[in-house]
Every structure is written in structure tokens, then in C-alpha cells.
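Undergrad: Below are the sequence and a predicted model; questions follow.
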Amino acid sequence: MINRTDRADRRVGGNGVGRSGAVLAATTGLFAFGAWLTLASGQSGGSAEAAVTGQAPPSASTFPRTPATVRWSPDPVTEGRLFTVIIEGEDPEVSEATGSFGGEPLHFASNAKGALTAMAAAPLDSVGSHALRVNIRHADGSVDSRELSIDISPGGYPMESLTVAPRFSEPQSPELEARIERESERVLEIARRSHETPRMWSAPFIAPREGRITSGFGSGRVFNGTVESRHTGTDFAGAVGAPVTASARGVVALVDDFYLGGNVIYIDHGAGLVTGYFHLSEQLVAPGDRVEAGDRIGLVGATGRVTGPHLHWIVRYGAHSLDGESLIAYSPDR
Ligand SMILES: [Zn+2]
């Protein structure tokens with residue numbers, strides 16, 4: 001959480017909620033306008049009425065005078081993709097916020113426009129209505145707790161047939177299954193811990209390779225005629241030895257040789273965000289290294305479960321794997 005007090009102080013007297021709402025609705029289109037939600041808290045009925053009827057603003061001792069607005073972008077939210085939760089409120093000043101969505105905590109910080117925003121994740125296979133909870137703390141000490149409903153839309157992810165080496169499609173030994181489980185548990189633990197790491201990332205995020213995407217996120221994979229798994233990463237083309245770069249600032253959390261992922265690197269970017277880089281021929285960083293966006297961290301390879309050299313890139317928010325393209329498109333300044 002970041003205290004917004006000094007930023008808010010510079011804006012006293014200007015840019016009320018009504019005005020910023022109109023500006024944002026105009027720039028984001030009618031669809032966004034439909035999702036614009038101004039929700040009065042339990043104790044703010046009088047102030048909402050004052051805003052509607054255009055009465056003189058109540059005295060400073062009456063609060064909150066204008067309820068904060070909570071919205072999200074893009075709207076609608078799509079399964080498997082990141083989105084931005086935005087809290088705007090001027091009177092009384094919104095100083096900080098906490099919240100949760102999809103079973104993960106949200107980490108709010110001030111954006112370039114002075115609003116509080118947080119990255120949030122719509123899990124794959126979560127189409128339907130889900131609760132967004134936010135606790136908004138005002139500079140005057142009042143707290144406004146809200147629960148809103150977000151409808152998650154289908155992602156329309158394609159199905160693809162894939163031929164893989166028999167050793168990966170045949171039943172695996174208990175030892176091997178235990179190894180795969182252990183490796184996935186280590187990654188989950190890194191993703192959980194990332195919620196405790198201060199936010200290091202800043203947008204825009206960059207793709208880990210300039211090469212084309214050969215297999216997008218979310219597709220169903222059909223092995224030998226049976227749907228066995230979803231593709232929870234994004235594949236980039238690349239020859240063995242081609243560079244792989246970090247998508248954002250962060251700390252290297254894991255460098256290892258995994259059964260499925262081969263030579264892998266995971267980077268903790270803080271505030272719940274983790275990226276992973278699979279099948280590398282070489283790993284050029286060590287756990288604990290700090291990296292910047294664009295730093296060369298490894299080389300494309302064909303290690304682990306692959307049909308040929310490529311980069312399998314993973315984006316996680318907490319427990320959820322998400323479409324990397326929604327990270328590239330992500331902005332806190334919506
Ligand atoms: Zn892949």
C-alpha cells in the first residue's frame with residue numbers, strides 16, 4: 001500500500017469525481033461507461049443525494065461527501081487475462097485501499113492520473129460472476145468497504161492437436177509424478193510469496209522475445225486424440241541460443257532443471273506478479289539476482305517437454321496462470 005497523501009494534496013480543489021468520471025468515460029467509450037459504478041457506502045446516503053440534487057457541498061465535518069468510484073478495465077473482463085481495478089475519489093481524499101479478487105489479494109498504488117489502481121487476475125475457466133472486495137481508506141480516517149460483482153467473459157481459446165514424445169504421454173511413474181508435483185508446488189510457493197514482495201514492476205511490460213508467437217495462451221492441447229491439458233503459457237519462436245529477456249524489473253526467484261519445463265527461470269516482480277521462462281539452453285542469472293526489464297536472462301533451448309526449440313513464457317498472478325499478452329497490454333493508468 002502506498003500513501004497518496006502528498007499526491008492528493010496537490011489536487012485539492014480540482015478534478016472532482018464527477019469531472020474525472022466524465023473524462024474517463026469519454027476516452028474509454030460507451031461500453032466502459034456502462035460499467036461505471038458509483039456505489040454509496042452504508043453511511044453515505046446523504047452525500048449521494050447532495051451530489052444528485054446539486055446542493056451546496058456539506059461542511060468538512062460531514063463525510064464522505066462524494067463516494068469513491070470503483071471500476072475496472074478492460075470491461076468486460078475475460079477469463080485468463082489480467083485487468084486493472086481503479087478507485088477514484090476526491091472528497092474526502094482516498095488515501096489507500098486493500099482488496100481481493102479471484103482468491104488473491106490486490107495491491108493498490110497511485111497511478112499517473114492520481115487514482116489508486118491494482119492488477120487483478122481473471123482465472124482461466126472462471127466464466128461467470130465473481131466478487132470484487134475493496135476496503136477504501138480515506139485521508140480523514142473513514143473506511144468504506146464494498147463488494148462488487150464482476151462478470152468474467154469466455155476467452156474463446158482454441159483447441160490444438162499436438163504430437164509429443166511418447167515418454168510424456170504415457171502413464172508416468174509415481175516417482176516422476178511426485179517430482180512434477182514437487183516442482184509445481186515450488187512455483188506455487190514463489191507465486192504466493194510474491195504477494196509479500198514489494199512491487200518492483202512498472203508498466204509497460206515487454207515481451208521476452210521479439211520473435212513471433214507460435215502458440216498462444218489458453219488453447220486446449222490434444223495429445224493422441226485426448227484433451228489432456230490447457231496451454232498455460234505463451235510460446236515464442238526462437239533458435240537454440242537466441243536471447244530471452246526479463247519482462248520487467250524483479251528478483252530471480254528460481255533457476256533449476258524441471259522435468260516438464262527443462263531449464264527454467266522464475267522472476268518475482270513483487271505485488272503478486274511472477275514470470276517464468278522455460279526450455280532454456282542456458283540460464284544466465286542466479287537466484288537472488290536483480291534484473292531490469294529487457295535484461296538478457298537466458299537463451300532459447302529445447303530442454304524439458306518440447307517438440308523443438310522455443311520459449312514457453314509464463315505469467316502468474318498468485319495461484320493463477322494468465323495470458324502473457326494481457327501483461328504486455330497491461331497499464332495501471334486506465
Ligand atoms: Zn508452451
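TA: That came through fine. Residues are numbered from 1 along each chain as shown.
Undergrad: in this structure, which helix has the most residues?
TA: helix 174-194 (DSSP state H).
Undergrad: Give me the helices and strands touching that one, please.
TA: Applying 3 or more C-beta pairs under 8 Å, 6 or more residues apart in numbering; DSSP states H and E, one finds that helix 174-194 contacts strand 250-258, strand 262-270, strand 273-280, strand 311-317. (C-beta placed from N, C-alpha, C; glycine too.)
Undergrad: what do you get if the cut-off is 7 Å, keeping everything else the same?
TA: When contacts are defined as 3 or more C-beta pairs under 7 Å, 6 or more residues apart in numbering; DSSP states H and E, helix 174-194 packs onto strand 250-258, strand 262-270, strand 273-280.
Undergrad: quick check: mean pLDDT across the helix or strand just after the shortest one?
TA: Moving toward the C-terminus from strand 273-280, the next helix or strand (DSSP states H and E) is strand 282-283. Taken as a whole, strand 282-283 has an average pLDDT of 98.
Undergrad: Please name the spatially closest residue to residue 237 (chain neighbours excluded).
TA: Spatial nearest neighbour of residue 237, chain neighbours left out: residue 211 (4.1 Å); criterion: C-beta to C-beta, 6 or more residues apart in numbering.
Undergrad: Apologies, that question was intended for residue 246.
TA: Spatial nearest neighbour of residue 246, excluding adjacent residues (C-beta to C-beta, 6+ apart): residue 291 at 4.3 Å.
Undergrad: The one you found pairs with what?
TA: Under DSSP bridges, the beta-bridge partners of residue 291 are residue 250.
Undergrad: tell me the contacts of it?
TA: Neighbour list for residue 291: 246, 249, 250, 252, 267, 285, 297 [criterion: C-beta atoms under 7 Å, 6 or more residues apart in numbering].
Undergrad: top of those by neighbour count?
TA: Within those, most neighbours by other C-beta atoms under 10 Å means residue 267, with 29 neighbours.
Undergrad: And the residue nearest to it when sequence neighbours are not counted, how far from the ion?
TA: Distances taken as C-beta to C-beta, 6+ apart put residue 250 closest to residue 267, at 4.1 Å, once the chain neighbours are dropped. Residue 250 sits at a distance of 21 Å from the ion (criterion: C-beta to the ion, to the nearest Å).
Undergrad: my guess is residue 250 contacts residue 266, does it?
TA: No. When contacts are counted by C-beta atoms under 7 Å, residue 250 is not listed as touching residue 266 (9.3 Å).
Undergrad: mean confidence score for the helix or strand containing residue 72?
TA: Residue 72 is part of strand 69-73 when elements are defined by DSSP H and E. In this model, strand 69-73 carries a mean pLDDT of 95.
Undergrad: May I ask which two of the contacts of residue 291 are separated the most?
TA: 249 and 285 (13.1 Å; C-beta to C-beta).
Undergrad: isn't residue 96 right next to residue 137, touching?
TA: Yes. Between residue 96 and residue 137 there is a contact under C-beta under 7 Å: 5.0 Å.
Undergrad: just to revisit the earlier point, how close does the residue nearest to residue 237 sit to the ion?
TA: Counting by C-beta to the ion, the gap from residue 211 to the ion is 13 Å.
Undergrad: before we move on, what SS does that residue have?
TA: Following DSSP: H, G, I helix; E, B strand; the rest coil, the label given to residue 211 is coil.
Undergrad: what's the burial count for it?
TA: By other C-beta under 10 Å, 17 other residues sit near residue 211.
Undergrad: Can you name the residues that contact the residue of the chain found nearest the ion?
TA: Relative to the ion, the nearest point of the chain is residue 312 (3.4 Å; C-beta to the ion). Counting by C-beta under 7 Å, 6+ apart, residue 312 touches 233, 235, 278, 279.
Undergrad: Could you export those as a markdown table, including pLDDT, distance to the ion and neighbour count?
TA: Listed next are these as a markdown table, based on pLDDT from 0 to 100; distance: C-beta to the ion, whole Å; neighbours: other C-beta atoms under 10 Å:
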| residue | pLDDT | distance to the ion | neighbour count |
| --- | --- | --- | --- |
| 233 | 96 | 4 | 25 |
| 235 | 96 | 4 | 23 |
| 278 | 98 | 7 | 26 |
| 279 | 98 | 8 | 27 |
